[in-house]
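Trainee: Generate a structure from the sequence data that follows.
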Amino acid sequence: MKLKIIKTEKEYELALQRLDEIFDAKPNTKEGDELELLALIIEEYEDKNYEIAPPDPIEAIKFRMEQMNMNQSDLATILGHKSRASEILNRKRKLTLEMIRKLSKQLNISSEVLVQEY
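Mentor: Numbers count the residues shown, from 1 in each chain. The predicted structure follows:
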């Protein structure tokens with residue numbers, strides 16, 4: 001395949017097909033080099049054409065809690081009140097700036113994610 005910057009959806013689809021064909025190529029081979037370049041070209045096209053929206057703040061909190069094996073009581077410890085943790089997780093209370101700062105620090109979630117509307 002002749003490698004070039006992807007400009008159309010059709011070129012993108014063809015690049016994905018070729019990537020699939022050579023996916024298991026060995027490094028430092030002709031196909032391995034093609035695979036690396038193709039991946040970079042595809043990534044550039046996707047970055048320009050397929051914006052990924054940041055996650056919902058509450059879903060981000062729940063996901064991070066799951067990753068850290070935390071429960072609602074652990075979240076309550078961060079936020080200060082058990083009822084507040086429940087209200088946040090059930091979307092009955094909005095996050096305050098103080099909560100966002102604590103959650104960002106303790107759960108390592110970007111404050112940019114936590115300040116979004118939900």
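
Trainee: out of all of them, which helix in this structure is the longest?
Mentor: helix 30-49 (DSSP state H).

Trainee: so for the helix or strand just after it, what's the average pLDDT?
Mentor: Next helix or strand after helix 30-49 toward the C-terminus (DSSP states H and E): helix 57-67. The predicted model assigns helix 57-67 a mean pLDDT of 97.

Trainee: Could I get the CA-only coordinates of the longest helix of the chain as PDB?
Mentor: Provided in PDB are the C-alpha atoms of helix 30-49 (Å, rounded to 0.1, in the frame of the first residue of the first chain):
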ATOM      1  CA  LYS A  30       8.900  -4.100   5.600                       C
ATOM      2  CA  GLU A  31       5.400  -4.800   6.800                       C
ATOM      3  CA  GLY A  32       6.300  -4.000  10.400                       C
ATOM      4  CA  ASP A  33       7.500  -0.500   9.300                       C
ATOM      5  CA  GLU A  34       4.300  -0.100   7.200                       C
ATOM      6  CA  LEU A  35       2.200  -1.000  10.200                       C
ATOM      7  CA  GLU A  36       3.900   1.600  12.400                       C
ATOM      8  CA  LEU A  37       3.400   4.400   9.800                       C
ATOM      9  CA  LEU A  38      -0.100   3.300   9.000                       C
ATOM     10  CA  ALA A  39      -1.100   3.400  12.700                       C
ATOM     11  CA  LEU A  40       0.300   7.000  12.900                       C
ATOM     12  CA  ILE A  41      -1.500   8.100   9.800                       C
ATOM     13  CA  ILE A  42      -4.800   6.600  11.000                       C
ATOM     14  CA  GLU A  43      -4.400   8.100  14.500                       C
ATOM     15  CA  GLU A  44      -3.900  11.600  13.000                       C
ATOM     16  CA  TYR A  45      -7.000  11.200  10.800                       C
ATOM     17  CA  GLU A  46      -9.100  10.000  13.800                       C
ATOM     18  CA  ASP A  47      -7.800  12.900  16.000                       C
ATOM     19  CA  LYS A  48      -8.900  15.400  13.400                       C
ATOM     20  CA  ASN A  49     -12.300  13.800  12.500                       C
END
